[in-house]
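S.K.: Provide a 3D model corresponding to the input given below.
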Amino acid sequence: MAKPYVIGIDMGGTNTAFGIVDARGTVIASSSIKTGKHSKIEDYIDELYQELHRLIVANDAEGKINGIGIGAPNANYFTGVIEDGVNLPWPTPIPLADLITKKFGIPCLITNDANAAAIGEMTYGAARGLKDFIMITLGTGVGSGIVVNGQMVYGHDGFAGELGHVIMKRNNGRVCGCGRTGCLEAYCSATGVARTAREFLEIRNDESLLRDYDIESITSKDVYDCAVKGDKLAIDIFNYTGTILGEALADFVTFSSPEAFVIFGGLTKSGDYIMNPIREAFDKNIMKVFKGKVKILISELKESDAAVLGASALGWEIKEDQ
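M.R.: Residues are numbered from 1 along each chain as shown. Down below sits the predicted model:
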């Protein structure tokens, strides 16, 4: 008889969320730990095991877990290894799938966090029923998951779909965390919005509520709060950010002709301030043959649930592989 549950784990740079999920996609129990609390990956896995074991026992799930799926930064689906965890506190590569399998005694698959979010959206969210779409995650960075004909695109090495590192500004672009300059992530992530705010405050002379903040500590949430109050500079920051992202999406369409983009992450909470310039720039720059064919949707899933549910779907894949 098939085991009724899987575990989904979303490993972020700051927090790791996890849950026990049933075959209908219901998260029956969940919790989280601090990712960077431990200096050794083994100590992190020990705490993860303790917290998950507690949930498993409390929900009568011992011996009933089919598999473990993990979404993590730069995680390779094919090898089970985190090859370059730029936002993680441990040296890489990390053979995460193997370490988790040995600790839990349960088979494990991993993929990167944006791919996990895409799988969750396709199964439970705004992308239900879509076979061709691109997930864009706007958080500390810009991630993406590309689905073509109902299948995740991994490429030959497991790293396909790094659209956050498409270069948008070839000359004098911002330095990106990946080591290159001018990447989309450097402009359209939450941290990119904060960088734009600092730049605008330095090069412009107009009055702004943002000048009341410590310039080095400004966040994208601060920019949103000022935009809501009608602050022109804050609104211009969102227009600048949304225009760059809209132009990028128009270019991405030419690659796989998706039916939709699903936008996910904290920046979507800025609503029309970010979405209107995205849509305007997208419509202005898309090739004529694609015009009117591609929707831009906002994720329907809770920010914490999408990656956990998507990662959990990998646990069901394990059943098929055995």
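S.K.: C-alpha only now, for contacts and for neighbours.
M.R.: Will do.
S.K.: Packing partners of the lowest-mean-pLDDT helix or strand in the chain?
M.R.: Ranked by mean pLDDT, DSSP states H and E, the weakest helix or strand in the chain is helix 303-321, scoring a mean of 77. With contacts taken as 3 or more CA pairs under 8 Å, 6 or more residues apart in numbering; DSSP states H and E, helix 303-321 sits against strand 5-11, strand 15-22, strand 65-72, strand 108-112, helix 113-124.
S.K.: Please tabulate these in CSV, including the columns mean neighbour count.
M.R.: Below are these laid out as CSV (neighbours: other CA atoms under 10 Å):
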stretch, mean neighbour count
strand 5-11, 28
strand 15-22, 22
strand 65-72, 27
strand 108-112, 28
helix 113-124, 28
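S.K.: Quick check: I274 touching T241?
M.R.: Yes. Judged on CA atoms under 8 Å, I274 makes contact with T241 at a distance of 7.4 Å.
S.K.: ok, back up a step: report the angle between the least confident helix or strand of the chain and strand 15-22.
M.R.: Relative orientation of helix 303-321 versus strand 15-22 (axes from the mean of the first three to the mean of the last three CA atoms, to 10 degrees): 50 degrees.
S.K.: where exactly do the strands run in the stretch 201-322 of the chain?
M.R.: 260-264, 295-298 (DSSP state E, counting those that start in this stretch).
S.K.: ah, wrong one, I meant the stretch 51-200 of the chain
M.R.: 65-72, 108-112, 133-138, 142-148, 151-152.
S.K.: contacts for the last one?
M.R.: The one in question is strand 151-152. 115, 119, 131, 145-146 (CA atoms under 8 Å, 6 or more residues apart in numbering).
S.K.: Pairing partners for that strand, with directions?
M.R.: Paired strands of strand 151-152, with direction, are strand 142-148 (antiparallel) (DSSP bridges).
S.K.: Now tabulate the helices and strands packed on helix 303-321 in TSV and tack on distance to D251.
M.R.: TSV is the format used below for the helices and strands packed on helix 303-321 (distance: least, CA to CA, whole Å):
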stretch	distance to D251
strand 5-11	29
strand 15-22	33
strand 65-72	27
strand 108-112	23
helix 113-124	19
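S.K.: Going by mean pLDDT, which of those comes out lowest?
M.R.: Ranked on mean pLDDT, the bottom entry among the helices and strands packed on helix 303-321 is helix 113-124, at a mean of 86.
S.K.: what's around K131, how many residues?
M.R.: Residues near K131, counting by other CA atoms under 10 Å, number 17.
S.K.: Verify the contact between it and G150 for me.
M.R.: Yes. If you go by CA under 8 Å, K131 and G150 touch, sitting 4.1 Å apart.
S.K.: got the angle for the least confident helix or strand of the chain vs strand 260-264?
M.R.: Using the same axes, to 10 degrees, helix 303-321 lies at 120 degrees relative to strand 260-264.
S.K.: which other residues reach helix 303-321?
M.R.: 6-10, 17-19, 21, 25, 27, 66-71, 107-111, 113-121, 123, 264-266.
S.K.: and what of stretch 244-263?
M.R.: With CA under 8 Å, 6+ apart as the test, stretch 244-263 has contacts from 126-127, 130, 132-138, 148, 168, 184, 187-188, 277-283, 285-287, 290, 293-299.
S.K.: gap between that stretch and the chain center?
M.R.: Centre-to-centre, stretch 244-263 and its host chain are 16 Å apart (CA atoms, centre = their mean, to the nearest Å).
S.K.: Kindly reformat the strands of the stretch 51-200 of the chain as CSV containing distance to L314.
M.R.: Shown next, in CSV, are the strands of the stretch 51-200 of the chain (distance: least, CA to CA, whole Å):
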stretch, distance to L314
strand 65-72, 5
strand 108-112, 6
strand 133-138, 17
strand 142-148, 15
strand 151-152, 12
